[in-house]
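1. Generate a structure from the sequence data that follows.
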Amino acid sequence: MRWLCRAVPILLLVACGALLLWPRRGQTVPLYAARTGLMCGTCHFDPNGGGPRNEFGFAFARSRHSLTPEDSSSQWHDLAVVNRIGDNVPIYVGINQRFMLIANTTIHSDSLDRLGFFSMEDALHLTIQPHPRLTLVYTRDGFDDGSTTKEAFGLIGGFPAGIYFKGGRIRVPFGLRMDDHTVATRNSFLDFFDQQRFLPYDPRNPDMGYEVGGQQGDFFERIAFTNGGTHPLGIVNTNAQTVTVKVGHNLSWYQGGLSFYDDFHREPDFSTFPPASVGVRSTRWGYYGLTHWGPFAALGEIAAGTDLHQPAPSGGFVPGKVNKLAGFAELDYAPARQWNFRARFDHLMLDRNTNSAIRDASTHERYALEGEYVPVPFAEVRWTVRRIDHRDDALDDENQAYVQLHFSY
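-> Prediction:
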């Protein structure tokens, strides 16, 4: 079984490479928005993608994830709903709900470890665009006592070279903004193990700060200055020193981007009185690429980084430098607008230590087969079967599965 698991990522990477080298047609394909040859900001108010859809993105969803409208033989060809309230009331309304049945088991267990229902997201989007150069985006996730504010920002655009300015509660523009937060280069997939993740922040939650971006021809760039691990009312640190940079290029058949993230903050050392502080620096960098050919699409990302803790004045904080590496590759196939099938491989190394025992205990891989079915506009059924292989043989490998209902508008 293990040799087969080792062969799967090689086959996936070969398939992705074949797509990159295969002759391509100039037009885009009707797949998910990130794999149509268009920029993510084409369908979303946020130039980095995600969150509420603009009118073009709403039409894309109305056509069941296709750039072409439903043909006359479809019962949905005359569906004319919109997400904008009116011309004199420029308010766009959107929802995003993910509700799932999830199961998890370890290899040496005779029964399921977990089985039950989980509400992953219940987001309500409200976007106000009083004129084309000003966009106000607000998202609330949840409808109970645990509800939280997600994005809440204003965006001023329309400047030369496509320059825009964004400020408020924003998501930092590092790499791909993935729909699945459990990919290796994001929160990773150790939810039921030790809950460690590759990124030093939770990509599901926004940070606070500013972002400036632009686009000239095929090239785009973003730079954000945010709080990161700092809070202006915190105990030991009042200086925001987190910077995120992304530059890339977008062609009709390929998009790629380089990203860099650096966060320096201080944490309290309570072994002294009054508490002293120690510096913590987390740096990440990576490259992503995505392409398509006919009904196939391929995308992937490779990223690395370092966490560095400075020595504490009291000696009570253990200093250390931890290097990390993560990556994923996936191949999608969409035989029709309502179907999509996916094979994905994730690799995660949370400590690239020279000690092989420590390195193996920190290395994890995931193999997944997934699919989506869109029976009607704005409703999607998703399914996944996954195998998590821990490199250390002393750790129990895991099998996972879920069925998810995704409603959006």
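2. how many neighbours does residue 99 have?
-> Summarising burial for residue 99: neighbours were counted as other CB atoms under 10 Å, giving 15. To be clear about C-beta, it is placed using only N, CA and C from the backbone, and glycine gets the same treatment.
3. Hmm, it is touching residue 379, no?
-> No: using CB atoms under 8 Å, residue 99 and residue 379 do not qualify as a contacting pair, with a distance of 11.4 Å.
4. between the two, what contacts are shared?
-> Between them, residue 99 and residue 379 have 405, 407 as joint contacts when contacts are counted by CB atoms under 8 Å, 6 or more residues apart in numbering.
5. Name the spans of the stretch 151-300 of the chain whose pLDDT lies under the cut-off.
-> Within the stretch 151-300 of the chain, the stretches with pLDDT under 70 are 235-237, 270-275.
6. Helix, strand, or coil at residue 382?
-> Per DSSP: H, G, I helix; E, B strand; the rest coil, the local secondary structure of residue 382 is strand.
7. ok, how many other residues are close to the closest residue to it other than its chain neighbours?
-> Counting by CB to CB, 6 or more residues apart in numbering, the nearest residue to residue 382 once its immediate chain neighbours are dropped is residue 404, at 4.2 Å. Under the neighbour criterion other CB under 10 Å, residue 404 is assigned a count of 18.
8. host element of residue 404?
-> Using DSSP states H and E, residue 404 sits within strand 398-408.
9. isn't residue 232 right up against residue 238?
-> Yes: under the contact definition of CB under 8 Å, residue 232 touches residue 238, with a separation of 5.4 Å.
10. Direction included, what does the strand holding residue 404 pair against?
-> Listed by DSSP bridges, the sheet partners of strand 398-408 and their directions read strand 91-106 (antiparallel), strand 379-390 (antiparallel).
11. Tell me which of those strands lies nearest to residue 370.
-> When those are ranked by proximity to residue 370, the top entry is strand 379-390, at 4.6 Å, counting by CB to CB.
12. contact partners of that closest one?
-> Under the criterion CB under 8 Å, 6+ apart, residues 2, 5, 189, 193, 363-375, 396-408 lie in contact with strand 379-390.
13. Check stretch 149-169 too.
-> Counting by CB under 8 Å, 6+ apart, the neighbours of stretch 149-169 from elsewhere in the structure are 45-47, 51, 123, 132-141, 170-171, 205-216, 220.
14. ditto for stretch 198-208
-> 150-152, 168-172, 174, 177-178, 181, 184-188, 224, 226-229, 242, 261, 263, 282, 284, 303, 305, 307, 324, 326, 348, 350.
15. residues of that stretch that come out buried?
-> 198-201, 203, 206-208 (16 or more other CB atoms under 10 Å).
16. In strands, which of the contacts of stretch 198-208 appear?
-> Restricting the contacts of stretch 198-208 to those inside strands, with DSSP state E as the criterion, leaves 150-152, 168-170, 224, 226, 242, 261, 263, 282, 284, 303, 305, 307, 324, 326, 348.
17. What subset of the contacts of strand 379-390 is buried?
-> Among the contacts of strand 379-390, those classed as buried by neighbour count (16+ other CB under 10 Å) are 189, 363-368, 370, 372, 374, 397-402, 404, 406, 408.
18. Spatially central residue for this protein, please.
-> residue 178 (2.3 Å; CA atoms, centre = their mean).
19. just how off-centre is the helix or strand encompassing residue 299 within its chain?
-> Here residue 299, judged by DSSP H and E, is contained in strand 296-309. How far strand 296-309 lies from its chain's middle: 11 Å, per CA atoms, centre = their mean, to the nearest Å.
20. Extract the C-alpha set from it and format it as CSV.
-> Extracted C-alpha coordinates of strand 296-309, given in CSV (Å, rounded to 0.1, in the frame of the first residue of the first chain):
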residue,chain,number,x,y,z
PHE,A,296,-8.7,19.3,-17.8
ALA,A,297,-7.2,21.8,-15.3
ALA,A,298,-4.1,21.5,-13.2
LEU,A,299,-2.9,23.6,-10.3
GLY,A,300,-0.4,23.4,-7.6
GLU,A,301,1.7,25.4,-5.1
ILE,A,302,5.1,24.9,-3.4
ALA,A,303,6.0,26.9,-0.3
ALA,A,304,8.6,27.0,2.4
GLY,A,305,9.3,29.1,5.4
THR,A,306,11.0,29.6,8.8
ASP,A,307,9.9,30.2,12.3
LEU,A,308,12.6,31.8,14.5
HIS,A,309,12.3,32.4,18.3
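21. confidence score at residue 384?
-> Per-residue confidence (pLDDT) for residue 384: 96.
22. Let me know how buried it is, in neighbour terms.
-> Residue 384 has 20 neighbours, counted by other CB under 10 Å.
23. And residue 117, by the same measure?
-> 8.
24. One more: residue 337?
-> Counted with other CB under 10 Å, the neighbours of residue 337 add up to 17.
25. do residue 160 as well
-> 7.
26. can you tell me how far it sits from residue 130?
-> Taken as CB to CB, to the nearest Å, the spacing of residue 160 relative to residue 130 amounts to 22 Å.
27. what do you get for residue 199?
-> The spacing between residue 199 and residue 130, counted by CB to CB, is 35 Å.
28. And for residue 251?
-> Residue 251 sits 34 Å away from residue 130 when distances are taken as CB to CB.
29. just residue 117 next, same as before
-> Distance check for residue 117 against residue 130: by CB to CB, it reads 40 Å.
30. for residue 188, same thing?
-> Using CB to CB, we find residue 188 at a distance of 40 Å from residue 130.
31. Can you pick out the residue with more neighbours from the two?
-> Using other CB under 10 Å as the criterion, residue 188 and residue 130 rank with residue 188 on top: 24 against 10.
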